[in-house]
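A.B. asks: structure, please.
(one chain, ligands or ions: 1)
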Amino acid sequence: MNRDKIYIGGRWVAPATRDTIAVENPATEETLAKVSAGTAEDVDRAVAAARGAFDGWAATPMAERGALLGKLHEGLSARSADIARTVGLELGTPLKIAKAVQAGLPLKVLQGYADLAARPVAEETIGNSLVVREPVGVVGAITPWNYPLHQVVAKVAAALAAGCTVVLKPSELTPLVAYLLLDAADEAGLPAGVLNLVPGTGQVVGAAIAGHPDVDMVSFTGSTATGRAISHAAADRIARVALELGGKSANVILEDADLARAVKVGVGNAFLNSGQTCTAWTRMLVHRSQYDAAVELAGATAETYRTGDPFDEATRLGPLVSAAQRERVRGFIDRADARLVTGAAGVPGKGYFVAPTVFADVDPDSELAQEEIFGPVLSIITFDDDDHAVRIANNSRYGLAGGVWGSPERAMAVARRLRTGGVDINGGAFNPQAPFGGYKQSGIGRELGVHGLTEFQQTKAIQQ
Ligand code: NAD
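C.D. replies: Numbering: from 1, shown residues only. This is a model prediction of the structure:
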């Protein structure tokens with residue numbers, strides 16, 4: 001599985017140095033593979049290739065770009081079993097979930113962009129102006145490890161559909177699945193330089209992309225701290241940034257909700273991908289009249305989540321991605337000043353596992369309720385009425401997602417008052433065509449669907 005080449009200018013080429021990064025299997029703590037550790041010199045070459053390809057790609061009719069995305073989709077679909085297995089190995093997502101989410105979701109997103117590009121919308125006219133949309137230019141895409149292919153495809157497919165060219169740097173913790181995308185891109189015959197891959201660390205490759213004078217836009221998903229550093233780097237040259245950052249989302253269960261369903265789905269949402277999900281509903285807000293029942297139900301539900309080997313069919317919770325992530329999560333659990341309902345215990349044996357953990361009577365201002373933990377840790381908080389619930393839900397420096405459960409009209413009224421980029425009412429399904437992104441410190445800009453496409457476009461007004 002070792003990969004000692006990087007992809008620049010339409011070819012697998014040798015990087016500037018022979019340095020490598022070891023990729024670990026977090027379920028076994030064994031080294032899975034080694035990949036090249038890119039350098040600033042590699043970024044220079046990749047950006048030059050992307051710049052060289054830009055004019056031609058931008059001038060290619062959108063429908064033709066869409067047809068190539070369709071071919072890329074074919075190649076990626078053929079690799080879907082390999083994608084699920086690879087993410088199972090490098091991240092530890094249980095295979096069943098890896099198939100549906102880690103492989104299935106990016107394929108849907110890619111198909112969506114192929115379809116969008118195949119039917120470009122008519123240009124807009126305002127008075128005597130024709131408003132045209134043009135690609136932003138060379139895009140640097142920097143992605144994290146928790147949905148390692150989805151986060152790459154959300155950027156790459158939208159940028160390519162818009163006519164941008166891309167230099168991609170996946171997370172150094174989960175770089176392997178990105179190679180499968182580049183294999184498929186190579187096979188699909190994307191023009192040379194349109195999509196380039198430089199793996200490596202954030203401090204070296206990520207920083208070189210963010211600060212590169214010839215990168216017109218940096219599209220980043222990851223932590224708020226890194227998003228801030230990238231914004232600073234891009235600000236020096238007034239480059240555009242799109243940031244998908246952290247979250248601390250609330251699941252508001254109103255008095256007239258179907259409590260059993262709201263709690264069960266809420267626990268599942270909080271623990272998806274071992275809680276390593278930026279949209280996870282990590283704060284469960286429950287009306288005082290149903291609070292005790294909800295706490296009991298949440299604890300019992302959490303106890304049904306079996307941790308273990310991601311390749312065992314019975315496993316619901318895989319490991320956390322790394323030793324550092326496990327220590328970070330354990331730190332939050334150890335410092336918690338709330339009533340422990342279940343979990344917190346260590347999981348014996350190899351692998352970076354954390355037991356599914358539920359806390360009740362959580363103070364809305366406490367660390368547990370304010371910080372993004374990124375592990376299987378749920379905090380339950382009580383409220384007195386809808387206004388109180390909205391105040392608690394909005395008491396966060398993040399604003400990414402959320403849930404509301406209750407009678408449809410009442411739930412809709414609460415959903416509208418949440419200061420977040422998305423809200424699901426009564427378990428409304430994730431829509432990969434809907435705009436995705438955050439308010440406040442959860443980010444800037446939107447991904448997915450047509451909103452994600454326009455993120456990679458400039459508008460020009462031509463008066464006549
Ligand atoms: P991270 O910010 O450490 O890393 C994300 C990416 O940025 C990686 O590719 C990394 O190599 C790179 N990077 C690190 N330092 C950099 C620098 N100085 N300059 C340029 N690039 C740099 O985040 P992570 O640890 O990979 O992911 C976990 C965090 O990401 C969580 O806190 C989570 O909230 C957040 N996240 C948010 C979303 C979202 O869509 N909103 C999705 C996933 C993860």
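A.B. asks: now residue 102. Nearest residue, chain neighbours left out?
C.D. replies: Using CB to CB, 6 or more residues apart in numbering and skipping residues adjacent in sequence, the residue nearest residue 102 is residue 87, 4.1 Å away. All C-beta spots, glycine's among them, are computed from the backbone N, C-alpha and C.
A.B. asks: just give me the neighbour total for that neighbour.
C.D. replies: If you count neighbours by other CB atoms under 10 Å, residue 87 ends up with 29.
A.B. asks: same deal with the one 4 residues further on?
C.D. replies: Residue neighbour count, defined by other CB under 10 Å, stands at 30 for residue 91.
A.B. asks: surely it touches residue 175?
C.D. replies: No: under the criterion of CB atoms under 8 Å, residue 91 lies out of contact with residue 175, with a separation of 11.1 Å.
A.B. asks: burial count for the closest residue to residue 287 other than its chain neighbours?
C.D. replies: Distances taken as CB to CB, 6+ apart put residue 255 closest to residue 287, at 4.4 Å, once the chain neighbours are dropped. The local packing count at residue 255 equals 17, with neighbours defined by other CB under 10 Å.
A.B. asks: same question for residue 462.
C.D. replies: 10.
A.B. asks: how close does it get to residue 128?
C.D. replies: The spacing between residue 462 and residue 128, counted by CB to CB, to the nearest Å, is 9 Å.
A.B. asks: for residue 99, same thing?
C.D. replies: Relative to residue 128, residue 99 is positioned 53 Å away (CB to CB).
A.B. asks: give me the more crowded residue out of those two.
C.D. replies: With other CB under 10 Å as the criterion, residue 99 and residue 128 differ in neighbour count, and residue 99 comes out ahead with 18 against 9.
A.B. asks: elements contacting whichever strand or helix holds residue 116?
C.D. replies: Residue 116 is located in helix 104-118, with elements delineated by DSSP states H and E. Helices and strands touching helix 104-118, by 3 or more CB pairs under 8 Å, 6 or more residues apart in numbering; DSSP states H and E, are helix 62-78, helix 80-90, helix 150-162, helix 449-454.
A.B. asks: strand partners (parallel or antiparallel) of the helix or strand following that helix?
C.D. replies: Counting by DSSP H and E, the element after helix 104-118 in chain order, helix or strand, is strand 124-126. Each strand pairing with strand 124-126, determined using DSSP bridges, is listed with its direction: strand 129-135 (antiparallel).
A.B. asks: CA atoms of the strand it pairs with as PDB?
C.D. replies: Only the C-alpha atoms of strand 129-135 are listed here, as PDB (Å, rounded to 0.1, in the frame of the first residue of the first chain):
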ATOM      1  CA  SER A 129     -25.700  44.200 -17.500                       C
ATOM      2  CA  LEU A 130     -24.900  40.600 -18.400                       C
ATOM      3  CA  VAL A 131     -23.700  38.900 -15.200                       C
ATOM      4  CA  VAL A 132     -21.300  36.100 -16.000                       C
ATOM      5  CA  ARG A 133     -19.700  33.600 -13.700                       C
ATOM      6  CA  GLU A 134     -16.000  32.700 -14.000                       C
ATOM      7  CA  PRO A 135     -13.800  30.300 -12.100                       C
END
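A.B. asks: contacts for it, please.
C.D. replies: Strand 129-135 has contacts (CB atoms under 8 Å, 6 or more residues apart in numbering) with 54, 57-58, 123-125, 159, 162-164, 454, 456-464.
A.B. asks: go on, stretch 53-65?
C.D. replies: 9, 117-120, 134-135, 137-138, 160-161, 163-165, 191-194.
A.B. asks: now narrow those to whatever sits close to the ligand.
C.D. replies: Under the cut-off given by CB under 6 Å from any ligand atom, the ligand has nothing from the contacts of stretch 53-65 close to it.
A.B. asks: buried members of these into PyMOL, please.
C.D. replies: What follows is the PyMOL syntax for the buried subset of the contacts of stretch 53-65, where burial is set by 16 or more other CB atoms under 10 Å:
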select buried, resi 9+117+118+135+137+138+160+161+163+164+165+193+194
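A.B. asks: check which helix or strand covers the residue nearest to residue 108 when sequence neighbours are not counted.
C.D. replies: For residue 108, the nearest residue in space outside its immediate sequence neighbours is residue 432; the separation is 5.0 Å by CB to CB, 6+ apart. Element membership of residue 432 [criterion: DSSP H and E] is none; it lies in no helix or strand.
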